[in-house]
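1. I need the structure of the sequence given here:
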Amino acid sequence: MSSPNGLGRITVDRDGDVLIITIDRPARRNAFDGALARQMEAAIDGFDAGDARVGIITAIGPTFSSGQDLKAAAVGDLGVTKRRGAFGVMGSPPTKPLIAALEGDALGGGLELCLACDLIVASESVSMGLPEAARGLIAGGGGLFRLPKRIPFNVAMELVLTGESLPASEFHRLGLVNRLTKPGEALSEALTLAKKITACGPVSVAAAKQIVHQSWTWEDERAWDNQSEYVQQVMKSVDLREGLQAFAEKRAPQWKGR
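-> Next up is the predicted model:
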């Protein structure tokens, strides 16, 4: 249970090869101060260093995250860490796949937290948006450069200039939300999606994620050379040999993660 004074916490649980990271600060609408950001960073560090293969970020209460705790910000307590940046994850997300599972609204920094994830599963009851401009603020957690890469540019521009939000169903239509669920089913659907990923080779998945994310800045003529470092990791891996042998023997592969 969350502390009654709203301090909150980040909890970590396992479901097989999936790590579930839960924001538990509903008394502050899951807003981030420095302490909560440091807890998130520790959870992401543990995920990157551990043997879990996919991570899910979810939250307790009717709001996924309302972003920065403005009361904390007023006294200089920002939800930022030195290594991973805003909310302990936005500046340096994990190398492994990360899924956001939304049962509550994701506005401002809450949406930016989703954009630090690779995939998004959301309940149809959820609203999402970047309302900062309507409040005289600016979305400084990556939303202004990440959102236009994941939905049409003109739609992203309208959202950031007007501060208006949209239902998750519209973001699903636009392609930002991967899975749209009935209320109460976002986490279970995220687990289903995560287990589809864990069925794949972990070396291949990690390399593919890095190529996809970094390729935004690559020109075509340089992309072949730039991706070669990651491709070679896969080609030299034990998992590649296992995947090919399992296919030939018509059995499920037993991944080693190396």
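2. so how far is the host helix or strand of Asp48 off the chain centroid?
-> Element membership for Asp48 (DSSP states H and E) is helix 34-49. When distances are taken as C-alpha atoms, centre = their mean, to the nearest Å, helix 34-49 is centred 13 Å away from the chain's centroid.
3. extract the C-alpha set from the following helix or strand past it and format it as CSV.
-> Following helix 34-49 in sequence order, the next helix or strand is strand 54-59 (DSSP H and E). What follows is strand 54-59, C-alpha atoms only, in CSV (Å, rounded to 0.1, in the frame of the first residue of the first chain):
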residue,chain,number,x,y,z
VAL,A,54,11.0,-7.7,-21.3
GLY,A,55,9.9,-4.9,-19.0
ILE,A,56,6.4,-3.5,-18.4
ILE,A,57,5.7,-0.1,-16.7
THR,A,58,2.3,0.2,-15.2
ALA,A,59,0.7,2.2,-12.4
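4. and the residue lying closest to Gly257 once chain neighbours are set aside, how many neighbours?
-> Nearest residue to Gly257, sequence neighbours excluded (C-beta to C-beta, 6 or more residues apart in numbering): Pro202, at 4.4 Å. The way it works is simple: take the backbone N, C-alpha and C, and place the C-beta from them, glycine included. As a burial measure, Pro202 scores 21 neighbours (other C-beta atoms under 10 Å).
5. 42 is where my numbering starts, stick with that
-> Sure, I'll start numbering at 42, so the last one becomes Pro243.
6. against Ile98, how distant is Pro243?
-> As judged by C-beta to C-beta, to the nearest Å, Pro243 and Ile98 stand 19 Å apart.
7. on the pLDDT front, check Asn46 for me.
-> pLDDT recorded at Asn46 is 47.
8. which parts of the worst-scoring helix or strand of the chain on mean pLDDT are buried?
-> Every helix and strand in the chain was compared by mean pLDDT, DSSP states H and E; the lowest is helix 261-276, with a mean of 72. Buried residues in helix 261-276, counted by 16 or more other C-beta atoms under 10 Å: Gln268, Tyr271, Gln274, Val275.
9. low-confidence ranges, the stretch 142-291 of the chain, go.
-> The stretch 142-291 of the chain contains residues with pLDDT under 70 at 259, 261, 264, 267, 272, 281, 285.
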